[in-house]
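> Build me a model:
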Amino acid sequence: MFANKIVQTLIDQLYNVILQNESIQAIKNIFKVKNDVQLMKTNIQLSFYRNCAIILQSSANLYNISILPQLCELYFGNQLVIQPDELSNGTFKEVFNQDGTSIEHQYSISVDDNTILARSCEKKAGASFGSIVILSTSWNTETIQLFAKAYFGYPSGNSLFHYCNILQYNQSPTSHFGSQKHVNLNEPLIYKILERLTFGPISKFIINNNIDNGFYIVTEDLSCKTQNFLSMNDFTNCSHISRKKHFQKRSRMQALKIQRVLQAQWWT
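Sure, this is the predicted structure:
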């Protein structure tokens, strides 16, 4: 519980622009110490830094403060010239229900009287750590809906935990998490292969370099753009049609070959 309070204090400062850099540096130091085996003289120290790292990797604040600015730059950087200091000085806000539960996290940035708003809200389904992100701008009424998730093996496997108040969470922070696995590049590769084959949605990748293995996969909602997306049923139907056409073509060729043989025999 002691580790929870310390880490929560760091996380709370992430929305404070003045102390944001100091907070990020302290978080990086936690992961640096955790990975330095020589500094771990006792099991208590090892457990402390390991729990700190798990809490940070399951924090909605730390997740959103990294992923939302990057998505704004990724999708609108070609329309607006966004400087790095403008991204870091964007406004973060958390919206709550009347009962105090979190509804969504918001990030907004203004460039030359143009405003970009990114909203991150809880996923309704799926066990992976992540959120639904909605991007909107002041110059366009259309919105872009994205689905962001952590890679397979991310230590936080509970998509609801990172929206809870850690200070009110009295159980061991490791009780809702599995053992951490390093990023397997086969997963993003498969996403890109399926995208290129039009069997999957457009996918992008975001890295949170403030934590260990902060790798997230972002896919576009199919209603965002006109995409030729095939479901497994479509794929099965296409395969059936393709086989049928192939069989018909082969039958025609065989019939033509037989006809030519008969004609040759007739003339001889």
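> Give the burial count for residue 25, as a bare number.
The local packing of residue 25 (other C-beta atoms under 10 Å) involves 11 other residues. All C-beta spots, glycine's among them, are computed from the backbone N, C-alpha and C.
> Is the most centrally placed residue in the chain bridged to anything, and to what?
Central residue of the chain (C-alpha atoms, centre = their mean): residue 148, 2.9 Å from the mean position. For residue 148, the beta-bridge partners are residue 131, residue 218 (DSSP bridges).
> Please tell me I have it right and it contacts residue 216.
Yes. Contact criterion C-beta atoms under 8 Å: residue 148 and residue 216 qualify, at 5.4 Å.
> what residues are shared contacts of these two?
Counting by C-beta atoms under 8 Å, 6 or more residues apart in numbering, the contacts common to residue 148 and residue 216 are 67, 130, 206.
> any idea which of these is closest to residue 26?
For the shared contacts of residue 148 and residue 216, the residue nearest residue 26 by C-beta to C-beta is residue 67; the value is 20.0 Å.
> How about the secondary structure of the residue lying closest to that closest one once chain neighbours are set aside?
Sequence neighbours aside, residue 206 is the residue nearest to residue 67 in space, at 5.1 Å (criterion: C-beta to C-beta, 6 or more residues apart in numbering). Counting by DSSP: H, G, I helix; E, B strand; the rest coil, the backbone at residue 206 sits in strand.
> pretty sure residue 206 contacts residue 150?
No. Using C-beta under 8 Å, residue 206 is not in contact with residue 150; the gap is 10.1 Å.
> okay, these two: which has more neighbours?
Between residue 206 and residue 150, counting by other C-beta under 10 Å, residue 150 is the more crowded of the two (23 against 18).
> so how far is the helix or strand harbouring residue 8 from its chain's centroid?
Residue 8 belongs to helix 2-12 when assigned by DSSP states H and E. Here helix 2-12 is found 24 Å from its chain centre; the criterion is C-alpha atoms, centre = their mean, to the nearest Å.
> then whatever helix or strand comes next after it to PDB, C-alphas only?
With elements assigned by DSSP H and E, the helix or strand that comes after helix 2-12 is helix 20-35. Listed next in PDB are the C-alpha coordinates belonging to helix 20-35 (Å, rounded to 0.1, in the frame of the first residue of the first chain):
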ATOM      1  CA  GLN A  20       5.000  17.000 -15.400                       C
ATOM      2  CA  ASN A  21       8.700  16.700 -16.500                       C
ATOM      3  CA  GLU A  22       9.800  16.000 -12.900                       C
ATOM      4  CA  SER A  23       7.200  13.400 -12.600                       C
ATOM      5  CA  ILE A  24       8.100  11.700 -15.800                       C
ATOM      6  CA  GLN A  25      11.800  11.600 -14.900                       C
ATOM      7  CA  ALA A  26      10.900  10.100 -11.500                       C
ATOM      8  CA  ILE A  27       8.900   7.400 -13.300                       C
ATOM      9  CA  LYS A  28      11.800   6.600 -15.600                       C
ATOM     10  CA  ASN A  29      14.100   6.300 -12.600                       C
ATOM     11  CA  ILE A  30      11.700   3.700 -11.000                       C
ATOM     12  CA  PHE A  31      12.000   1.500 -14.100                       C
ATOM     13  CA  LYS A  32      15.800   2.100 -14.300                       C
ATOM     14  CA  VAL A  33      16.300   1.000 -10.700                       C
ATOM     15  CA  LYS A  34      13.900  -2.000 -11.200                       C
ATOM     16  CA  ASN A  35      16.000  -3.200 -14.100                       C
END
